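*Asks:* predicted model, plus sequence, below.
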Amino acid sequence: MLPTATASLALSAVLIDLLCTVAVQAGWDIEHAGAVEDLLGDYIRTLPGGDTVELPRLFLYQGQAFSRACPQSGIDSPAYCPGDHTVYLEITLGNAVAEKFGDFGALSIIAHEFGHAYLFENNAHPPGKDGELAADAFAGGFARYVEAKGLLEAGDLDEARATFEAVGDYEVYHNDHHGTPMERRQAFNDGYLKGFRLPGDRQETPRQAPEPSVTPPASQPSVPPSSNPAGAAAPPIPVLGLGLAGIMTVIMVATIVMMVNRAGEDEF
């Protein structure tokens with residue numbers, strides 16, 4: 001089966017109509033998209049396997065885009081196509097997001113799609129909603145990365161949070177459900193606060209190894225524990241009792257001797 005594009009943000013029809021009423025700002029992609037593409041490449045190289053994965057290509061267009069690698073009626077921007085390893089973003093939509101939520105909101109869309117590419121390249125892309133939330137967390141990790149470089153402005157994080165919250169949906173039983181507004185906002189926050197990790201890669205507190213038990217050698221029999229506590233004094237020897245028993249024994253022997261002598265005298 002030929003791969004299909006991943007229209008990962010799943011913008012609702014209402015939101016798309018609202019965004020597309022904003023006039024196109026041709027300078028947005030020139031000023032920002034190229035720079036964020038380079039930063040995303042640098043960020044990916046800091047992640048597990050990032051030195052070996054092929055970085056995706058960013059393709060900005062206006063109007064409609066098609067790809068032989070993802071055959072369908074057309075690319076549903078924003079999207080990542082695994083077949084040609086390309087992230088697609090329609091300029092009008094990107095500019096509209098920047099106008100409504102802020103420029104870092106639009107840049108976070110690109111980061112989200114690069115997250116899909118990174119997950120696919122590492123054979124670690126979860127299915128369905130979990131894959132979308134993982135890409136949201138990737139975007140949050142990217143925000144953490146660029147903030148550490150001093151490249152974020154005041155309000156940029158709020159712009160990204162508002163963008164991801166806006167593209168959430170409540171169609172939880174739909175096969176294309178990508179997460180509720182709060183789930184998507186929280187996934188971005190998790191990536192920003194904790195750093196992005198591949199799904200299933202959770203850092204656990206190291207467990208302390210149990211102390212080894214001491215086993216006596218096979219040739220040495222085990223000594224049963226003493227009933228007396230260590231250092232306790234031994235019970236006193238009953239000297240008086242033994243003395244009385246000795247005296248009584250002597251008296252009994254003397255009595256027997258006397259009786260024997262008398263018996264002998266009676267016989268004579």
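*Replies:* Now that the structure is in, tell me what you want to look at.

*Asks:* correct me, but Gly141 touches Leu193?
*Replies:* No: between Gly141 and Leu193 no contact is recorded; they are 9.7 Å apart, counting by Cβ atoms under 8 Å. To be clear about C-beta, it is placed using only N, CA and C from the backbone, and glycine gets the same treatment.

*Asks:* so for those two, which residue has more residues nearby?
*Replies:* Gly141 (23 against 10; other Cβ atoms under 10 Å).

*Asks:* wouldn't Ala117 be in contact with Leu58 here?
*Replies:* No: using Cβ under 8 Å, Ala117 makes no contact with Leu58, being 9.9 Å away.

*Asks:* okay, those two: which has more neighbours?
*Replies:* Per other Cβ under 10 Å, whichever of Ala117 and Leu58 has more neighbours is Ala117, with 27 against 21.

*Asks:* so where's the protein uncertain?
*Replies:* For the chain, the stretches with pLDDT under 70 are 1-31, 73, 201-268.

*Asks:* do that again at 50, thanks
*Replies:* Scanning the chain for pLDDT under 50 picks out the ranges 1-2, 10-27, 204-217, 219-234, 237, 239-240, 257, 260, 262-268.

*Asks:* quick one: the helices in it?
*Replies:* 13-19, 27-28, 34-44, 91-101, 103-121, 128-148, 156-166, 181-194, 239-267 (DSSP state H).

*Asks:* from Lys149, how far out is Leu39?
*Replies:* According to Cβ to Cβ, to the nearest Å, Leu39 and Lys149 sit 8 Å apart.

*Asks:* can you check Ala134 too?
*Replies:* Ala134 is 23 Å from Lys149, by Cβ to Cβ.

*Asks:* Asn189 contacts Phe164, doesn't it?
*Replies:* No: look at Asn189 against Phe164 with Cβ under 8 Å: they stay out of range, at 9.1 Å.

*Asks:* so those two - more neighbours on which side?
*Replies:* More crowded of Asn189 and Phe164, by other Cβ under 10 Å: Phe164, with 29 against 18.

*Asks:* neighbours of the residue nearest to that one when sequence neighbours are not counted, how many?
*Replies:* Spatial nearest neighbour of Phe164, chain neighbours left out: Arg184 (4.3 Å); criterion: Cβ to Cβ, 6 or more residues apart in numbering. Using other Cβ under 10 Å, Arg184 has 29 other residues around it.

*Asks:* quick one: Arg184 and Ala135 touch, right?
*Replies:* No: in this structure Arg184 lies outside contact range of Ala135 using Cβ under 8 Å: 9.9 Å.

*Asks:* Glu153 versus the closest residue to Asp158 other than its chain neighbours, what's the distance?
*Replies:* Setting aside the residues directly before and after it, Asp158 is nearest to Gly102 in space (Cβ to Cβ, 6+ apart), at 7.8 Å. Counting by Cβ to Cβ, the gap from Gly102 to Glu153 is 9 Å.

*Asks:* then Gly140?
*Replies:* Using Cβ to Cβ, one gets 17 Å for the distance from Gly140 to Glu153.

*Asks:* between Gly102 and Glu153, which has more neighbouring residues?
*Replies:* The neighbour count for Gly102 versus Glu153, taken as other Cβ under 10 Å, is higher for Gly102 (20 against 10).

*Asks:* enumerate every residue touching the more buried one.
*Replies:* Gly102 makes contacts with 155-156, 158-159, 162-163, as judged by Cβ atoms under 8 Å, 6 or more residues apart in numbering.

*Asks:* what subset of the residues you listed is buried?
*Replies:* Burial by neighbour count, 16 or more other Cβ atoms under 10 Å: within the contacts of Gly102 this picks out 156, 159, 162-163.

*Asks:* can I get those residues in JSON lines including distance to Cys70?
*Replies:* Shown next, in JSON lines, are those (distance: Cβ to Cβ, whole Å):
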{"residue": "Asp156", "distance to Cys70": "31"}
{"residue": "Glu159", "distance to Cys70": "29"}
{"residue": "Ala162", "distance to Cys70": "29"}
{"residue": "Thr163", "distance to Cys70": "24"}
